[in-house]
Every structure is written in structure tokens, then in C-alpha cells.
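Participant: sequence first, predicted model second:
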Amino acid sequence: MNLFTRVDLIRNLHYFSIGLFQKRHPECRLKVYDRKIANVSVRIYEPEESIDYEKKTVMIYFHGGGFLLGSIETYDQATYLLANLTRTILIAVEYRLAPEHRFPSGLEDCLSVSRELFKNGKNYQINSNRIIMSGDSAGGNLALVVSHSLINDGYKPYLLSLLYPSLQFFDFTLPSYRMYLKQNILGVLNENNLLSMVSLLSKNHIQITEDIFLNSHVSIDDKKKLYPFID
């Protein structure tokens, strides 16, 4: 199956299994609205109760989906629930997806929104000293990378909240890959789809083979240098 066709199929399955049945609960007392920040579309979930400026906490959230699928629409119920449980102002970012937009397009969107909020928080009536960076799966990866970049720019996230983050493509022999990929995670993530995903994320869409599961994609020097960082 053509890689682009496979992505479309997975996106449709994802939408019809998750995104089609979104439900909000009015008793949660959240204001929900869409807008643009730094020319990037976001969805904002804001508690209706009044919150003192100094105590107002914001969560910037990046959805998962292997950098290929997902949206603020398909994640609406999850982010709505998270905003209700935490009573934070949750800002879900609609970053660009591969393969239509090559890496690092999606990352650049996440960086743009985050830098704008840290730099000009008062323009959005938020306290830049109380911004949480969060995301799940691929979104957890983005949250961590963005946080490192923010720290290098002199900004300090209030907290990192990473949900089952995808943090390394270095060692595919670890149990998290060996055990769970064969179980067709979430109904869509298996070895074949992972190979397709990595191929679409790579420069010029290089065809990635099963050799990656033997760590043949990592040089001996890189293995010596990076293994100490793998738990």
C-alpha cells in the first residue's frame, strides 16, 4: 500500500473510532473557543470561575498521533476532560502534520505558540511564570523538545507533564518496543505502521526497513555515546 494512502486510512480509522463521538459535559463549566496564536490555530479551554492572575495556570498541550495524525478536533474530549480535572487554561495546538508538511514544520508551530505565550503572556491575560508544557505520545516528544528550546532562550516552564511520551528512536530492542508493538497498540500502531511512520518523517521519505529493529540505523560511535542515557 502506498505510504500516503496508508496514512489516510489510519487517519480515517482514528477519526471514526475516536473523533466522531466527542462529547462535552456542560456541568464542567468550561469556556471553549478557537483562535490563532502566532498564526497557528489553537483551541482554548478556560474555566468559567474567576482566577487570580498570579495563580492562573496555563497548560500548552500537543496531541499525539505519531506526528502524522490527530487534531484538536479528535482530541477535543480528552483535552476537555484534562482542562476540567486540572482547572487550568488549556491551550491545544493544531500543529502541522507529516507527510504533507515535512519535519520540522509541526515542531516550528509548537515553538511559535510557546515562545509567543512565554514572551507576551500579559497580552493574553496569562502568567508566563505558570505555564505547563504537556502532550501525549508524539506530543510528549514535542513538549520536551520545545521545553529544551525555551530554556535555551531563557524561559522556564512551570512544569512538564508528559503522557506516555515517545522519547527515543535509538534502541528498538527495549521491552516497550519488543512487547507492545506486536500487540497493535491502539489498534493502529504495529511494526509495519511504525516503519511507514518513520519513513514519512525522514528526509526525502527514505524507505525504512526492518533492520531498524536490530538497531542497524545507529553507528557504533553513537551507540557508545548514547547508551548511557537509556534507562
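Facilitator: Thanks, I have it.

Participant: what residue spans form the domains of the protein?
Facilitator: Structural domains annotated on the chain: 3-167, 171-218, as defined by automatic domain parsing.

Participant: center of the chain - which residue?
Facilitator: Geometric centre of the chain, nearest residue: G139, 1.3 Å, by C-alpha atoms, centre = their mean.

Participant: picking up where we left off before, quick one: the domains of the chain as TSV, columns for distance to I230 and mean pLDDT too.
Facilitator: Every C-beta, even on glycine, is put in place using the N, C-alpha and C of the backbone. Below are the domains of the chain laid out as TSV (distance: least, C-beta to C-beta, whole Å; pLDDT from 0 to 100):
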stretch	distance to I230	mean pLDDT
domain 3-167	10	90
domain 171-218	6	78
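
Participant: looking at those domains, which is buried most?
Facilitator: Mean neighbour count (mean count of other C-beta atoms under 10 Å) peaks for domain 3-167 among the domains of the chain, with a mean of 17.

Participant: now find how far off-centre that one is within its chain.
Facilitator: Taking the mean of its C-alpha atoms, domain 3-167 sits 7 Å from the chain's own mean (C-alpha atoms, centre = their mean, to the nearest Å).

Participant: before we move on, what about stretch 159-171?
Facilitator: In this view, stretch 159-171 has its centroid 10 Å away from the chain centroid, taken as C-alpha atoms, centre = their mean.

Participant: now the helices for this structure?
Facilitator: With DSSP state H, the ranges of helices along the chain come out as 3-17, 76-86, 105-119, 138-152, 175-178, 191-201, 220-226.

Participant: so which of those helices is nearest A98?
Facilitator: With C-beta to C-beta as the measure, helix 191-201 is the member of the helices of the chain nearest A98 (5.2 Å).

Participant: circling back: possible to save the helices of the chain as TSV with distance to V93?
Facilitator: Formatted as TSV, the entries for the helices of the chain read as follows, by distance: least, C-beta to C-beta, whole Å:
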stretch	distance to V93
helix 3-17	18
helix 76-86	10
helix 105-119	5
helix 138-152	9
helix 175-178	26
helix 191-201	18
helix 220-226	29
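
Participant: between the ones you listed, which one is nearest to A38?
Facilitator: Between A38 and the helices of the chain, the shortest separation by C-beta to C-beta is 4.0 Å, and it involves helix 105-119.

Participant: what packs against that closest one?
Facilitator: Under the contact criterion of 3 or more C-beta pairs under 8 Å, 6 or more residues apart in numbering; DSSP states H and E, helix 105-119 touches strand 30-37, strand 40-47, strand 58-62, strand 89-93, strand 131-136, helix 138-152.

Participant: may I see those arranged in CSV, with distance to I72 as well?
Facilitator: What follows is these, written out as CSV (distance: least, C-beta to C-beta, whole Å):
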stretch, distance to I72
strand 30-37, 8
strand 40-47, 4
strand 58-62, 9
strand 89-93, 5
strand 131-136, 13
helix 138-152, 11
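
Participant: keeping just the C-alphas, turn stretch 128-140 into CSV.
Facilitator: Taking Å, rounded to 0.1, in the frame of the first residue of the first chain, the C-alpha atoms of stretch 128-140 are listed here in CSV:
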residue,chain,number,x,y,z
SER,A,128,4.1,33.3,31.9
ASN,A,129,5.7,32.0,35.1
ARG,A,130,2.9,29.4,35.4
ILE,A,131,2.9,27.7,32.0
ILE,A,132,2.9,23.9,32.0
MET,A,133,4.2,22.0,28.9
SER,A,134,2.3,18.9,28.2
GLY,A,135,1.5,16.3,25.5
ASP,A,136,1.0,12.6,24.9
SER,A,137,3.0,10.2,22.8
ALA,A,138,4.4,12.2,19.9
GLY,A,139,3.0,15.3,21.6
GLY,A,140,5.1,14.4,24.7
